[in-house]
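*Asks:* Please find the sequence and the predicted model below.
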Amino acid sequence: MKYFIVTYGCQMNVHESEKIAGILENLGYECANEREEADIIVFNTCAIREGAEDRVFGNVGNLKKQKKKNKDLIVAVCGCMTQKSQTAQRLLNTFPFVDIVIGTFNLPKLGYYIEAVKKGRQLEILEEGDIDESLPYKRTSGENAWVNIMQGCNNFCTYCIVPYVRGREKSRKPENILQEIRDTLASGKYNKITLLGQNVNSYGKDIEGGMNFAQLLREICKIEGDFTVSFMTSHPKDLTDDVIDAIADEDKVEKYIHLPAQSGNNRVLKLMNRSYSREKYLEIIRKIREKIPNCRITSDFIVGFPTETEEEFKDTLSLVEEVKYDSIFAFMYSPREGTVASKMDGQLDDKTKHDRVNRLLNLEKRLQKEEGKK
């Protein structure tokens, strides 16, 4: 029996697909090289942008012929997209050949749903779930090992669906994280550890008397071995001096910070509920440059947020010009049902959003060319 996993979205989803692979291999499945060889196909979905959901519906729909040829094929859809009950129900209604639809918190029970398919289609969306330390995983990212340190998010940025599909912040116990890293390094297969969380800087806030993120970084660096540590993603409001100091001090920590700004304009940042100003963001950048002169800094930006004016967009351009990032990721604002921003007046047209994202990316190309010449 063979499995095939299709993964959408962030590195967190990539690591969760490793857990899906571990569960399936414990059930006796082997990884298929081609989708057509599989006895079970699992779509691990993303809900951050509308385009990601559209791709899922298109690719799931393409399985209709394969299901006709192999009636025993099991098709499962899980992840952030299916945590939304309306979307999950739409999947079942649209594609009668889909057997399992489960949300982000149902993953530990995947084996149960596969067995239960014999009795009929499975749809279950748990509203909340704890971190399951017992899940197996099959690492698939070469010499890099993803290590999840927390799940969920408490920030409720007005454009973001994550808190609604990933739940509130929950940190893993530090001893479990450290033991996983020791075991991973002991295998001799990995020389890079990448810590994952929706906002790693918030690590430990929900554990009474627990260590914070800076302390966790320092404890990881005490582990013997020749390896490097990186992490994603940071929220500017929680990137404290002690985290910057830990990155600067510890040789094992990569001198790289991904610090999403999202906008360079204070009014738009407030509408986004980002909890920092342009000035505060630039102060953090200044500290990073001062304490870690060789640090690579990258960022995310959203253009075309509701009511964003041309002058406010130019503030984003000027921020990028001032910081001179090593690279940026630029996205057009995409309304997500259930978020505050999706209900805001002043939604911008696609033409304006396309124009702004292209101008931002063209600026990045010009700056990189100039820096390259230096």
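*Replies:* Thanks, I have it.
*Asks:* ranges for the helices of the chain?
*Replies:* 11-26, 50-61, 64-69, 85-94, 110-116, 162-166, 174-186, 213-221, 241-249, 266-272, 278-291, 310-323, 350-373 (DSSP state H).
*Asks:* For Tyr333, which of those is the nearest?
*Replies:* If you check each of the helices of the chain against Tyr333 by Cβ to Cβ, helix 350-373 wins as the nearest, at 6.4 Å. C-betas here are computed from N, CA, C, even on glycine.
*Asks:* tell me the angle the closest one makes with helix 310-323.
*Replies:* Note on geometry: by axes from the mean of the first three to the mean of the last three Cα atoms, to 10 degrees, helix 350-373 and helix 310-323 are set 20 degrees apart in direction.
*Asks:* if we can go back for a sec, of all the helices of the chain, which one comes closest to Phe329?
*Replies:* It's helix 350-373; of these, that one is closest to Phe329 (Cβ to Cβ) at 9.6 Å.
*Asks:* With mean pLDDT added, can I get the helices of the chain in JSON lines?
*Replies:* Below are those laid out as JSON lines (pLDDT from 0 to 100):
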{"stretch": "helix 11-26", "mean pLDDT": "95"}
{"stretch": "helix 50-61", "mean pLDDT": "89"}
{"stretch": "helix 64-69", "mean pLDDT": "92"}
{"stretch": "helix 85-94", "mean pLDDT": "92"}
{"stretch": "helix 110-116", "mean pLDDT": "95"}
{"stretch": "helix 162-166", "mean pLDDT": "92"}
{"stretch": "helix 174-186", "mean pLDDT": "96"}
{"stretch": "helix 213-221", "mean pLDDT": "98"}
{"stretch": "helix 241-249", "mean pLDDT": "98"}
{"stretch": "helix 266-272", "mean pLDDT": "98"}
{"stretch": "helix 278-291", "mean pLDDT": "98"}
{"stretch": "helix 310-323", "mean pLDDT": "98"}
{"stretch": "helix 350-373", "mean pLDDT": "94"}
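*Asks:* which one's the longest strand in the chain?
*Replies:* Ranked by residue count and defined by DSSP state E, the top strand of the chain is strand 296-303.
*Asks:* Okay, buried residues for it please.
*Replies:* 297, 299, 301-303 (16 or more other Cβ atoms under 10 Å).
*Asks:* which helices and strands sit right next to that strand?
*Replies:* Judged by 3 or more Cβ pairs under 8 Å, 6 or more residues apart in numbering; DSSP states H and E, strand 296-303 is in contact with strand 256-258, helix 310-323, strand 327-332, helix 350-373.
*Asks:* what's the spacing between the second one and its chain's center?
*Replies:* Computed by Cα atoms, centre = their mean, to the nearest Å, the chain-centroid distance of helix 310-323 equals 25 Å.
*Asks:* now for that helix, which elements pack on it?
*Replies:* Taking 3+ Cβ pairs under 8 Å, 6+ apart as contact, the helices and strands that helix 310-323 lies on are helix 266-272, helix 278-291, strand 296-303, helix 350-373.
*Asks:* one step back: what would the helices of the chain look like in a markdown table with mean neighbour count and distance to Val42?
*Replies:* Rendered in a markdown table, the data for the helices of the chain read as follows (neighbours: other Cβ atoms under 10 Å; distance: least, Cβ to Cβ, whole Å):
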| stretch | mean neighbour count | distance to Val42 |
| --- | --- | --- |
| helix 11-26 | 20 | 6 |
| helix 50-61 | 15 | 11 |
| helix 64-69 | 12 | 14 |
| helix 85-94 | 15 | 13 |
| helix 110-116 | 16 | 8 |
| helix 162-166 | 21 | 17 |
| helix 174-186 | 15 | 23 |
| helix 213-221 | 21 | 31 |
| helix 241-249 | 17 | 35 |
| helix 266-272 | 19 | 33 |
| helix 278-291 | 16 | 39 |
| helix 310-323 | 17 | 38 |
| helix 350-373 | 14 | 32 |
